[in-house]
Structures are given as C-alpha cells and as structure tokens.
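**Q** Sharing a model that was predicted from the sequence below.
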Amino acid sequence: MASLYFTYSAMNAGKSTSLLQVAHNYEERDQHVLLLTPSIDDRAGHGRIASRLGIDREALAFSNTTDLAALIEARHQRKHIDCVLIDEAQFLTETQVWQLTEVVDRVDIPVMCYGIRSDAFGKAFPGSAVLLAVADKLAEMKTICFCGRKATMNLRIDAEGNAVKAGDQIAIGGNDRYISCCRKHWKERLGL
C-alpha cells in the first residue's frame, strides 16, 4: 500500500540531495520515478532539481494551477510510475496536496515530498501545513545553526546580510538570501 511522505527541514539540510539519492535507488532497481518541481523555483533552471553538492536532474515543472493527480495519472497510463518525488513541496497549494492523496489512495503510487515548513517570518507555507496534517509519514532532516544547535528557522537576509523583517512569503533564493538558524538566533536577528 502506497503512502504520502513529507520530509522537511530548514534550508540547507540536504533535502534535494536526499530526493536525488532516492530517485537513483529506485532506478538502480529498474523502477520508474517521476520527478516534479515547482516552476516558480528556477534557480537551477526551469524543470531542474539541483543539490548544493553539485548534482542535478531534469524534472517536470508544475505551476500552482496544475492538477497533479491528473498529470501523474496520465503519465502513469503511458509509462508505469513506481514513485513520485516532489522537490520544494512548500510551494504546493492546499488543493495540490489533496490531489497527491488521491494519487496515493486511489492510484496506489507512493509520493515523497521534500520541503521546508515555514517561511522567513515563522509562518507555515500552506502546502507544508496540509502535508504536516495529512501525510502518512513525516521525517525531519536536521541541519545546524552557526551556534551548533538544530536549525529550525529560515532567516531572510538582504545584500548586506541584514535580517529582512517583512515581505512576501515567497522570495526564491539560496545561501545568498537565507540563513538556516535556531529559533533563538532567528528571533534575535529579527528583534523579536
């Protein structure tokens, strides 16, 4: 029986690396995976999943209006899919998460989502909130703050390294725009 998985962490914990390793493991056993990534995140190029370690793969890009259940089922009918892997799952809409439950429950394909829980201001991403509520299996990947504690927060910074205290929930960026840190240091930097 298939399951819906959500692997989450602060930024820079190796989620994309883990996703690519899982894809490799499936394919090494002659099984077929479908890799999906939100089109809004094009840091590695449109339709690419990239790890900070330097490995990357082509993936199918989707928008916030894509019906993921219909897309996955259509692909599955053309070529059997053994597992669906989704990078940057925080950008899923609530509706898309429920569509993924249909893929798991009705089509019986496991779906593994990788993403962050909250934005730079401590608010849950809508897709992550629903995944935390309905996923069959949750796993936290760990990374560390500069102080050595577990990093659970994502601090957005400007070009001078100052904390950004307000703004849009979604601002695509990497190490140049975000620092993973513990809650204590996140609050200190934001003046909370």
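**A** Received the coordinates, thanks. Numbering: from 1, shown residues only.
**Q** Tell me which other helices or strands the lowest-mean-pLDDT helix or strand in the chain touches.
**A** Using mean pLDDT, DSSP states H and E, the weakest-scoring helix or strand in the chain turns out to be strand 48-50, at a mean of 82. Secondary-structure packing of strand 48-50 (3 or more CB pairs under 8 Å, 6 or more residues apart in numbering; DSSP states H and E): helix 15-28, strand 33-38, strand 56-58. C-beta: built from backbone N, CA, C; applies to glycine.
**Q** Most tightly packed of those?
**A** Across those, the average number of neighbours (mean count of other CB atoms under 10 Å) peaks for strand 33-38, which reaches a mean of 24.
**Q** which other helices and strands contact that strand?
**A** Applying 3+ CB pairs under 8 Å, 6+ apart, we find strand 33-38 packed against helix 15-28, strand 48-50, strand 60-62, helix 68-78, strand 83-86.
**Q** any idea how far Val107 is from Gln99?
**A** Distance of Val107 to Gln99, given as CB to CB, to the nearest Å: 11 Å.
**Q** which one of those two has more residues nearby?
**A** Per other CB atoms under 10 Å, whichever of Val107 and Gln99 has more neighbours is Gln99, with 20 against 16.
**Q** Just to be sure, the more buried one is in a strand?
**A** No - per DSSP: H, G, I helix; E, B strand; the rest coil, Gln99 lies outside any strand segment and is helix.
**Q** Skip the chain neighbours and tell me the closest residue to it.
**A** Ala69 (3.9 Å; CB to CB, 6 or more residues apart in numbering).
**Q** surely the one you found meets Val97?
**A** No - using CB atoms under 8 Å, Ala69 makes no contact with Val97, being 10.8 Å away.
**Q** which of the two has more neighbours?
**A** Neighbour tally, Ala69 and Val97, criterion other CB under 10 Å: the higher count belongs to Val97, 26 against 19.
**Q** thought the more buried one was touching Leu131?
**A** Yes - counting by CB under 8 Å, Val97 touches Leu131, with 5.6 Å between them.
**Q** What residues does the spatially closest residue to Ala124 that is not a sequence neighbour make contact with?
**A** Among residues not flanking Ala124 along the chain, Ser118 sits closest, at 5.3 Å (CB to CB, 6+ apart). Ser118 makes contact with Ala124, Phe125, Ser128, Met153, Asn154, according to CB atoms under 8 Å, 6 or more residues apart in numbering.
**Q** now those residues: which count as buried?
**A** Buried members of these, counted by 16 or more other CB atoms under 10 Å: Ala124, Phe125, Ser128, Met153, Asn154.
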